[in-house]
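In: sequence first, predicted model second:
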Amino acid sequence: MLLLGLLLLTVLAGARLLWGQWKLRSLHLPPLVPGFLHLLQPNLPIYLLGLAQKLGPVYRLRLGLQDVVVLNSKRTIEEAMVKKWVDFAGRPQIPSYKLVSQHSQDLSLGDYSLLWKAHKRLTRSALLLGMRSSMEPLVEQLTQEFCERMRAQAGVPVAIQKEFSFLTCSIICCLTFGDQEDTLVHVFHDCVQDLMKTWDHWSIQILDIFPFLRFFPNPGLWRLKQAVENRDHIVEEQLRRHKESMVAGHWRDMMDYMLQGVGKPRVQEAPGQLLEGHVHMSVVDLFIGGTETTSTTLSWAVAFLLHHPEVQQRLQEELDRELGPGAGSSQVPYKDRTRLPLLNATIAEVLRLRPVVPLALPHRTTRPSSIFGYDIPEGTVVIPNLQGAHLDETVWERPHEFWPDRFLAPGASPGALAFGCGARVCLGEPLARLELFVVLARLLQAFTLLPPAGTLPSLQPEPHGVNLTVQPFQVRLQPRGASGPVLGESQ
C-alpha cells in the first residue's frame with residue numbers, strides 16, 4: 001500500500017511538471033542545466049559559478065521536482081532585487097519554512113505583502129530608532145567585557161567561534177530584552193544552536209525538494225517541531241514578562257518598542273493588523289539572523305588574519321596611529337569609521353570571500369518579469385548566488401585572493417552583496433556592521449592573534465551544509481606588549 005501511494009504521488013508530480021513545461025513553451029526561458037542532483041555537489045556556490053562560465057550568468061536547473069533560476073553576477077542580482085524588486089520580493093512557501101515561520105508571520109521567510117511591509121517597517125524602526133542611542137554603547141561595553149574574559153585566557157588556545165557566538169547572542173539579548181543575565185543568554189544561545197542544527201539536517205532539507213515525503217515517518221521532522229516549540233515557549237515567556245511590566249509611551253528595549261507598535265490601525269495601503277505574533281517572529285529573526293551569521297564572519301576574519309600576519313600588523317599600526325599604542329580605553333566612534341580605512345577594507349574583503357549565506361534565501365516572483373532578456377514566469381523560485389557574484393572575474397581582480405587593499409585603491413571595486421539587496425536586504429545589516437567594526441578593533445587593539453603551535457586554521461568551509469561555516473579552530477590571544485613571538489616571526 002505504501003509503495004502504491006509513493007508511485008501515485010510520483011506520477012502526479014511528474015504529470016504536473018510536464019503540464020508546467022507545456023505552458024511555458026512559448027516563453028524565452030534561461031537555458032536549462034541537465035540533471036537534478038545538483039544539491040549533492042560539495043561546494044554548491046562554486047559549482048553554480050562554474051555552470052555560469054558555460055551558460056552565462058542566468059540559467060535554470062532542476063532541484064528535485066522544481067525548476068529554479070540561478071543568478072550568478074552582481075549585475076543580474078541587482079537587476080532583479082533592486083531595479084525590479086517588486087517582481088522578485090516573494091518567498092517560496094516550502095515545508096520547512098511553513099513549519100518554523102508561524103503561519104507566514106516571519107519576516108525572513110514570510111511571503112511579500114503589504115502587511116509584511118508594515119511588519120518590516122516596525123522591526124526596522126525598533127532596531128534603528130528605538131535602540132539608536134544605546135546600540136553602540138552596548139556593543140562597546142559587551143565587547144570590552146569579552147576582551148577582559150579573553151585576557152584571563154591569555155596564551156591559552158581558545159575556540160574563538162564559541163566565544164564570538166556567545167558575545168553576539170549577548171548583544172541581541174540586551175537589545176531585545178534589556179537583559180544581560182548569563183542564564184538567559186545561555187538559554188537563547190542553546191535554543192538557536194539546536195534549532196539551526198536540526199533545520200539544517202538532510203532529513204529536513206530533502207522535504208523542501210520532495211515535499212510529498214512529509215507524509216512518511218521522519219524523526220528529523222519531529223525533532224524540528226520540538227525545537228520550534230521550545231523556541232516559542234522561551235519567546236512567549238519574555239512577551240508575558242514585558243507586557244506585565246511595560247509602561248505606555250516608554251520603551252526599555254526592542255520588545256517594548258514593538259509591542260507598543262502592534263494592534264494599532266494601519267494606514268490604508270497596509271490592510272490587516274500587526275499582532276503580537278509578528279513581534280514574536282521578529283524576535284526569532286533577530287536571534288537566528290543576528291547571532292551565528294555575525295559570529296561566523298568574525299571567526300572568518302580571525303582565520304584570514306592568522307594566515308596573513310602582515311595584514312594584522314598593518315591593522316594594529318593603523319589602530320595605534322589613531323588611538324595611541326596600548327590605548328585600551330580609547331575608541332573610534334562608528335560614525336568616524338573612515339579613520340580606519342584598512343579595518344573597513346578588511347571587513348569588506350571577509351564579507352566578499354565568505355558571505356555566510358552564500359546563496360541567500362530563495363526569492364519567488366510575484367508576477368511575470370524578465371532578467372537579462374529572459375522571461376521569468378510568475379511563481380518562479382530565484383536563487384541569487386552571492387558568492388558567485390563576489391568571485392566574478394569580470395568585476396573583481398584576483399577574485400579568490402584575500403586582498404583587502406582592493407577596497408583602498410581609487411575607483412575601488414563596488415561593495416559586496418553579503419547582506420543581500422533590495423526589499424529583502426538583511427534588516428540586521430547596520431547592527432552586524434557595527435559589531436564587526438567594534439569587535440575587530442577592540443580585539444586587535446588588545447591582542448596579537450597567533451596560531452597555537454603554528455597550526456593554521458583551514459580556509460575551506462565546513463564540507464557539509466549550505467552556509468559557509470568555518471571549520472573549528474583555536475587561536476592564541478597574546479596581550480599586546482607582552483613578551484613572546486611577534487608577527488612575522490616563525491611560530
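Out: Arrived safely.
In: in contact with the closest residue to Leu353 other than its chain neighbours, which residues are there?
Out: Leaving aside its chain neighbours, Leu353 sits nearest to Phe402 (6.3 Å; criterion: CB to CB, 6 or more residues apart in numbering). Every C-beta, even on glycine, is put in place using the N, C-alpha and C of the backbone. Listed by CB atoms under 8 Å, 6 or more residues apart in numbering, the contact set of Phe402 reads 304, 307-308, 311, 349, 353.
In: and Trp85, by the same measure?
Out: 422-423.
In: and it, what's its pLDDT?
Out: On pLDDT, Trp85 comes in at 95.
In: now Gln144
Out: 94.
In: doesn't Arg442 make contact with it?
Out: Yes: judged on CB atoms under 8 Å, Gln144 makes contact with Arg442 at a distance of 6.7 Å.
In: between the two, which has more neighbouring residues?
Out: The neighbour comparison of Gln144 against Arg442 (other CB atoms under 10 Å) goes to Arg442, with 20 against 15.
In: for the more buried one, which non-adjacent residue is spatially closest?
Out: Of all residues beyond its chain neighbours, the one nearest Arg442 is Thr143 (4.9 Å), with distances taken as CB to CB, 6+ apart.
In: ditto for Leu107
Out: With CB to CB, 6+ apart, the residue lying closest to Leu107 is Asp285, at 5.0 Å.
In: what's the answer for Met196, then?
Out: Glu292 (6.4 Å).
In: the one you found: how many residues sit nearby?
Out: 22.
In: quick check, pLDDT for it.
Out: So, for Glu292, pLDDT stands at 89.
In: so where's this structure shaky on pLDDT?
Out: Within the chain, the segments meeting pLDDT under 70 span 1-25, 102-104, 180, 264-271, 326-329, 412-414, 464-465, 482-491.
In: longest helix of it?
Out: Counting residues, the longest helix in the chain under DSSP state H turns out to be helix 219-245.
In: on that earlier part again, pretty sure the residue nearest to Arg442 contacts Val439?
Out: Yes: using CB under 8 Å as the test, Thr143 is close enough to Val439 to be in contact (5.2 Å).
In: hey, what's in contact with both of the two?
Out: Residues touching both Thr143 and Val439 (CB under 8 Å, 6+ apart): Leu167.
In: C-terminal to the strand or helix carrying the residue nearest to Arg442, what's the next element?
Out: Assigning secondary structure by DSSP states H and E places Thr143 in helix 132-151. Proceeding N to C from helix 132-151, the next assigned helix or strand is helix 160-177, under DSSP H and E.
In: got the angle for that next one vs helix 219-245?
Out: Using axes from the mean of the first three to the mean of the last three CA atoms, to 10 degrees, the inter-axis angle of helix 160-177 relative to helix 219-245 is 40 degrees.
In: Thr143 and Val439: who's more crowded?
Out: More crowded of Thr143 and Val439, by other CB under 10 Å: Val439, with 25 against 22.
In: buried residues in stretch 362-380?
Out: Buried positions in stretch 362-380, judged by neighbour count with 16 or more other CB atoms under 10 Å: 362-366, 369, 371, 374, 376-377, 380.
In: ends of it, what's the gap?
Out: Its start and end residues considered, stretch 362-380 measures 10 Å (CA to CA, to the nearest Å).
In: cool, and stretch 454-473?
Out: Per CA to CA, stretch 454-473 runs 12 Å from first to last residue.
In: which helix or strand contains the nearest residue to Leu27 once chain neighbours are set aside?
Out: Nearest non-adjacent residue to Leu27, counting by CB to CB, 6+ apart: Asp375, 4.1 Å away. According to DSSP H and E, Asp375 maps onto strand 374-376.
In: Tyr112 contacts Asp87, doesn't it?
Out: No: Tyr112 sits out of contact with Asp87 when judged by CB under 8 Å, with a separation of 10.0 Å.
In: which residues belonging to stretch 216-224 are considered buried?
Out: For stretch 216-224, the neighbour count (16+ other CB under 10 Å) marks 220-221, 223-224 as buried.
In: output that stretch as CSV, nothing but the C-alphas.
Out: What follows is stretch 216-224, C-alpha atoms only, in CSV (Å, rounded to 0.1, in the frame of the first residue of the first chain):
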residue,chain,number,x,y,z
PHE,A,216,6.2,9.5,5.6
PRO,A,217,7.7,8.9,9.0
ASN,A,218,10.6,11.3,9.6
PRO,A,219,12.4,11.6,13.0
GLY,A,220,14.2,14.7,11.9
LEU,A,221,10.8,16.4,11.3
TRP,A,222,9.7,15.5,14.9
ARG,A,223,13.0,17.0,16.3
LEU,A,224,12.4,20.2,14.3
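In: contacts for it?
Out: Stretch 216-224 is contacted from outside by 2, 96, 99-100, 195, 198-199, 201-204, 207, 214, using CB under 8 Å, 6+ apart.
In: and stretch 52-62, by the same measure?
Out: Outside stretch 52-62, the residues that touch it by CB under 8 Å, 6+ apart are 29-33, 35-36, 38, 51, 67-73, 75-76, 371-372, 374, 385, 388.
In: which of those fall in strands?
Out: Counting by DSSP state E, the part of these found in strands is 67-71, 371, 374.
In: just give me the closest of these to Pro325.
Out: Relative to Pro325, the closest of these is Leu71; by CB to CB it sits at 46.8 Å.
In: next, count neighbours for the closest one.
Out: Leu71 has 30 nearby residues by other CB under 10 Å.
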